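Undergrad: take this sequence and fold it.
(chains A and B)
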Amino acid sequence: DAGVTQSPTHLIKTRGQHVTLRCSPISGHKSVSWYQQVLGQGPQFIFQYYEKEERGRGNFPDRFSARQFPNYSSELNVNALLLGDSALYLCASSLAELAGKGDTEAFFGQGTRLTVV
Amino acid sequence: RKEVEQDPGPFNVPEGATVAFNCTYSNSASQSFFWYRQDCRKEPKLLMSVYSSGNEDGRFTAQLNRASQYISLLIRDSKLSDSATYLCVVNTRNTGFQKLVFGTGTRLLVSP
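TA: Prediction:
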């Protein structure tokens, strides 16, 4: 069975550009969350989508946006890239809205490593 | 103050040693608690949940003290393969949605 897949795996962008990152959840999972992990830090929550609706948003500027499609895949968009946006962007999927253990465990994709120059 | 605080380490231990990691969280409304493991340049993976009664999974023991808002992870008989970053994670309900809040991680290096 395929796990959570993210594309691309690596990306280099210039300041001011925009970027779209993609995530396909595990089949049957309806919840997708996005996290940003800067080097040396733990992942920081950006968005959660459940059943194609935004359920939560972290403390990120409006340059960050996301959406979830009818097949539960998701996109994260970042506009007007800054050097500080360089990070590993992680997508996590879970069956239910609650990210816990067992049936609700959150599974992470391998991430997209974004470098802004 | 960070919502979840951990000593970043690194903890350098020899094979066979016992090592303990601690973590504190600030949101008393936090509902679920976990330890995740993250290998270098890889994604985090769930190691184990943490319960107030304490729980054990092989060489790993986790403990939660809700009154002190304190979480611990004990690794016995360390293996080289235990070298990784261990992330303390709290599931917090925040204005109608739930999110995972991660600590910065504690790096463990097990040497021969």
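
Undergrad: pretty sure A:Leu83 contacts A:Val116?
TA: Yes. Under the criterion of CB atoms under 8 Å, A:Leu83 makes contact with A:Val116 at 5.3 Å. Heads up, the C-betas are built off the backbone N, CA and C, glycines and all.

Undergrad: okay, and the common contacts of these two?
TA: Shared contacts of A:Leu83 and A:Val116 (CB atoms under 8 Å, 6 or more residues apart in numbering or on different chains): A:Arg15.

Undergrad: the worst-scoring helix or strand of chain B on mean pLDDT - which strands sit beside it in the sheet, and in what orientation?
TA: One helix or strand of chain B scores below all others by mean pLDDT, DSSP states H and E: strand B:97-102, with a mean of 86. When pairing is defined by DSSP bridges, strand B:97-102 lines up against strand B:84-94 (antiparallel).

Undergrad: enumerate the positions of the strand it pairs with that are buried.
TA: For strand B:84-94, the neighbour count (16 or more other CB atoms under 10 Å in any protein chain shown) marks B:84-92 as buried.

Undergrad: farthest-apart pair in those, please.
TA: Spanning the widest gap among these are B:Ala84 and B:Thr92, at 24.2 Å by CB to CB.

Undergrad: residue contacts, the nearest residue to B:Asn12 once chain neighbours are set aside?
TA: The shortest distance from B:Asn12 to any residue other than its chain neighbours is 4.9 Å, reached at B:Leu109 (CB to CB, 6 or more residues apart in numbering or on different chains). Neighbouring residues of B:Leu109 by CB under 8 Å, 6+ apart: B:10-13, B:83.
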